[in-house]
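In: Let's see this in three dimensions:
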Amino acid sequence: MAVDNIIYAQFAAKVADPACLQLFRFDLIDQIFAGTGRIREYKGKNMLKAYHSINIIQEEFNALVGDLVAALDFFCVIIQEKNDFFFILGPLQSYIVSK
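Out: Next up is the predicted model:
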């Protein structure tokens, strides 16, 4: 995401601050774990609060999904696990993308 020209502007401040980037990374990991029903608890902001003022557009969300697919492919994640991941992410789109 940090090198994706479509969404970089949304993450530039996080990328510039290593501590902020690390917190973002941990929140994303926790959110994925929580979405899968794992024991790890997500302690970050809820989706409505986190994305209310960011104004993510559909093109940016699609770029994010593409970046996530590329990362999962890079790490040779099997198709069923990728599908499970996007089953969790899909419903969040309505909270993330601005209307």
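
In: So which residues of the protein form helices?
Out: 8-16, 18-35, 47-51, 58-74, 79-89, 93-96 (DSSP state H).

In: residue ranges with poor pLDDT in the chain?
Out: Within the chain, the stretches with pLDDT under 70 are 35-53, 99.

In: From the centroid of it, which residue is nearest?
Out: For the chain, Leu28 is the residue whose C-alpha lies nearest the centre (C-alpha atoms, centre = their mean; 6.0 Å).

In: Check the gap between it and Lys14 for me.
Out: Counting by C-beta to C-beta, to the nearest Å, the separation of Leu28 from Lys14 is 11 Å. C-beta coordinates here come from the backbone N, C-alpha and C atoms, glycine included.

In: what's around Leu68, how many residues?
Out: The number of residues packed around Leu68, counting by other C-beta atoms under 10 Å, is 17.

In: my read: it touches Ile88, true?
Out: No: taking C-beta atoms under 8 Å as the definition, Leu68 is not a contact partner of Ile88, at 11.2 Å.

In: Contact partners for Ala16?
Out: Ala16 sits next to no residue when contact means C-beta atoms under 8 Å, 6 or more residues apart in numbering.

In: Next one: it relative to Ala34, how far apart?
Out: Computed as C-beta to C-beta, the Ala16 to Ala34 distance reads 27 Å.

In: And Leu64, by the same measure?
Out: Look at Leu64 and Ala34: by C-beta to C-beta, they are 18 Å apart.

In: ok, now Asp73?
Out: Using C-beta to C-beta, which is the criterion applied here, Asp73 is 24 Å from Ala34.

In: Which residue of those two possesses the greater neighbour count?
Out: More neighbours sit around Ala34 than around the other of Asp73 and Ala34, counting by other C-beta under 10 Å; the figures are 16 against 10.

In: If you drop the residues flanking it in sequence, what lies closest to Phe86?
Out: Ranked by C-beta to C-beta, 6 or more residues apart in numbering and with sequence neighbours excluded, the top spatial neighbour of Phe86 is Val65, at 7.5 Å.

In: Over to Asn55?
Out: If the residues on either side of it in the chain are set aside, Asn55 comes closest to Ser98, at 4.6 Å by C-beta to C-beta, 6+ apart.
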